[in-house]
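Peer 1: Return a 3D structure for these sequence lines:
(4 chains)
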Protein chains: 2
Amino acid sequence: MIADAIRADIASGKLAADQRLPSESELAEAHGVSRATVREALKRLAAQSLIRTRRGAAGGAFVHRQSFEEACADMASKATLLIGLNEIDIATACEARFALERGCMRLAAKHRGPEHLDIMRREIARQKDPELSDEAFCASDVAFHRALVDAAGNPVLSWQLAAAVEGIEPLMNMITYRQRDRDAVIGLHEAIADALEARVGSKLEILIDYLREQTLRTAHAAQGHRLAAKPESPHPRD
Amino acid sequence: MIADAIRADIASGKLAADQRLPSESELAEAHGVSRATVREALKRLAAQSLIRTRRGAAGGAFVHRQSFEEACADMASKATLLIGLNEIDIATACEARFALERGCMRLAAKHRGPEHLDIMRREIARQKDPELSDEAFCASDVAFHRALVDAAGNPVLSWQLAAAVEGIEPLMNMITYRQRDRDAVIGLHEAIADALEARVGSKLEILIDYLREQTLRTAHAAQGHRLAAKPESPHPRD
DNA sequence: ATTTGCTTAAATGTCTGACAAATGAAAACA
DNA sequence: TGTTTTCATTTGTCAGACATTTAAGCAAAT
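Peer 2: Alright, predicted model coming up:
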């Protein structure tokens, strides 16, 4: 397959970033296929963000060096689809999300800068508006946690976590928050911001645990029937 | 774009898994475009694993319910490309990997079954073979950690972690292990297996920290020049 | 009654040739 | 010199044709 050949060239570094591929007609002749076939292969590569095409005189297909930013968006939409198609329940998704997030807390405490605190405090202020819709509250929550994870200063972590958090946003949007629930979440957010400011990683881990339990309680109240089917494990805790 | 329309239908659940899409000719007529254009759109969806095509009498495009297994492989290859193209160093990748893994330890302690321990002990036995090549040692390491993460019993976690661990395998393969390093790693692996068997999550977290430091030391010794450029943060620990 | 082989229809896979649209660069012009 | 026009190049789309694969139906032979 011609797409695989080009893909291998990119992965191996034979084709450098931003380098222009031969034109469709040339590729067709070189590989002994028609232009239509080449185009389908290029579309496939474009769907994987390996190339970008421009048309016009200096146009063509160019090797695209995907940024973590873009990869993030890809991953998030992929995670959303995966979770949707495989009928993952809120409890499982939450468990995963908070487990991953918890792992970043000590790094976040170590590497956080003032800009991360700024974003988090701004989102907390927004969350206090009682007129906020549930969707907007969720979106603000995502922004808050994204800043929290970015504070770890590790692009790989930010990439993975953003995908997890944004991927389950549709699930979280199904939750209806009562004002009491919102107050509890906001209180924890403030405690998290304080602990991050003071760089106390151990406290951050505990607060994330609280937040997980709070979120699960809220989700449980909103759609208890979906969680009821998942019995608690009989294994003892450590 | 016709591809986006179909994608939206799949994401929204309007098109169920394994459902057959209209034929290319019908799609072309329905959307008022040519069959070639439809084909390019379908190729794009196929590249994202949203559909699979079969040819023949009962052929066509079918909505593909991607399994976590497949998504894992996709993610891993994507992570490899990302890390390679963006020149992520081993230290950053390791930091991310062990941070995420650490987050799963308490869940793993809670939900692990005998099969996870079996796999881990088998891989440990394999790692003890001094004739093992560095690549094979790495591969066994990946299998060990994969079982460790699977023990958490959360498909979303397994998916994310497997991608992270396998994605950085090429980086890890650049490390040459001395026998002393291998012994240290194997010792930690045995301690991890023991702690998992005893379901002591807190000890697992500590052991993961040790393993991270051991791995970083090994990587540092093997290619100190790549890590030397990243100075330690001046911030205090918690 | 069961198996085997042939035919046929439906669908994707590919090819060919053409035209439309965008785009950058060179040429023509003021 | 600066502006406009023209032009060549390249991707985007279309229409129609043929090749290939596959399932299903049918008929003949065992």
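Peer 1: In contact with the residue minimising distance to the centre of chain A, which residues?
Peer 2: In chain A, the centroid-proximal residue (C-alpha atoms, centre = their mean) is residue A:163; its distance is 1.7 Å. Residues in contact with residue A:163 (C-beta atoms under 8 Å, 6 or more residues apart in numbering or on different chains) are A:72, A:75-76, A:78-79, B:160. No exception for glycine: its C-beta is placed from N, CA and C like everyone else's.
Peer 1: how about a cut-off of 7 Å?
Peer 2: A:72, A:75-76, A:79 (C-beta atoms under 7 Å, 6 or more residues apart in numbering or on different chains).
Peer 1: again with residue A:99
Peer 2: Contacts of residue A:99 by C-beta under 7 Å, 6+ apart are B:103-104, B:107, B:157.
Peer 1: filter those residues down to the ones near chain A?
Peer 2: Contacts with chain A are made by B:103-104, B:107, B:157 out of the contacts of residue A:99, judged by C-beta under 7 Å from any C-beta of the partner chain.
Peer 1: ok, so of the residues you listed, who is nearest DNA strand D?
Peer 2: Nearest to DNA strand D among those: residue B:157, at 36.9 Å, using C-beta to the nearest atom of the strand.
Peer 1: Now that closest one: which helix or strand?
Peer 2: helix B:155-167 (DSSP states H and E).
Peer 1: Now tell me what touches whichever helix or strand comes after that helix from outside.
Peer 2: As assigned by DSSP H and E, the chain's next helix or strand after helix B:155-167 is helix B:169-172. Under the criterion C-beta under 7 Å, 6+ apart, residues B:80, B:83, B:90, B:93, B:138, B:142 lie in contact with helix B:169-172.
Peer 1: Only alpha carbons, please: show helix B:169-172 as PDB.
Peer 2: Provided in PDB are the C-alpha atoms of helix B:169-172 (Å, rounded to 0.1, in the frame of the first residue of the first chain):
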ATOM      1  CA  GLU B 169       9.300   1.800  24.400                       C
ATOM      2  CA  PRO B 170      11.400   3.000  21.500                       C
ATOM      3  CA  LEU B 171      13.000   5.500  23.800                       C
ATOM      4  CA  MET B 172      13.600   2.800  26.400                       C
END
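Peer 1: what's the neighbour count on residue A:59?
Peer 2: Residue A:59: 11 surrounding residues under other C-beta atoms under 10 Å in any protein chain shown.
Peer 1: phi, psi of it?
Peer 2: Dihedral pair for residue A:59: phi -80, psi -170, per degrees, to the nearest 10.
Peer 1: Compute the distance from the centre of stretch A:134-142 to the centre of its chain.
Peer 2: The chain centroid and the centroid of stretch A:134-142 are separated by 15 Å under C-alpha atoms, centre = their mean, to the nearest Å.
Peer 1: Just to be sure, residue A:152 is in a helix?
Peer 2: No - read with DSSP: H, G, I helix; E, B strand; the rest coil, residue A:152 is coil and lies in no helix.
Peer 1: what about the spatially closest residue to it that is not a sequence neighbour, how many residues close to it?
Peer 2: Using C-beta to C-beta, 6 or more residues apart in numbering or on different chains and skipping residues adjacent in sequence, the residue nearest residue A:152 is residue A:107, 3.9 Å away. Residues near residue A:107, counting by other C-beta under 10 Å, number 20.
Peer 1: now swap in residue A:35 and tell me
Peer 2: Neighbours around residue A:35, by other C-beta under 10 Å: 14.
Peer 1: my read: it touches residue A:27, true?
Peer 2: No - the pair residue A:35 / residue A:27 is not scored as a contact, 8.3 Å apart, by C-beta atoms under 7 Å.
Peer 1: most surrounded residue in the contacts of residue A:99?
Peer 2: Of the contacts of residue A:99, with other C-beta under 10 Å as the count, residue B:104 tops at 31 neighbours.
Peer 1: Just the residues contacting the helix or strand where residue A:191 lies, thanks.
Peer 2: In the assignment (DSSP H and E), residue A:191 maps to helix A:179-197. Residues outside helix A:179-197 that contact it (C-beta under 7 Å, 6+ apart) are A:108-109, A:112, A:117, A:120-121, A:124, A:127-128, A:130, A:137, A:144, A:148, A:151, A:203-204, A:207, A:210-211, A:214, A:218.
Peer 1: Below-threshold pLDDT in chain A: ranges please.
Peer 2: The model of chain A has pLDDT under 70 over residues A:222-238.
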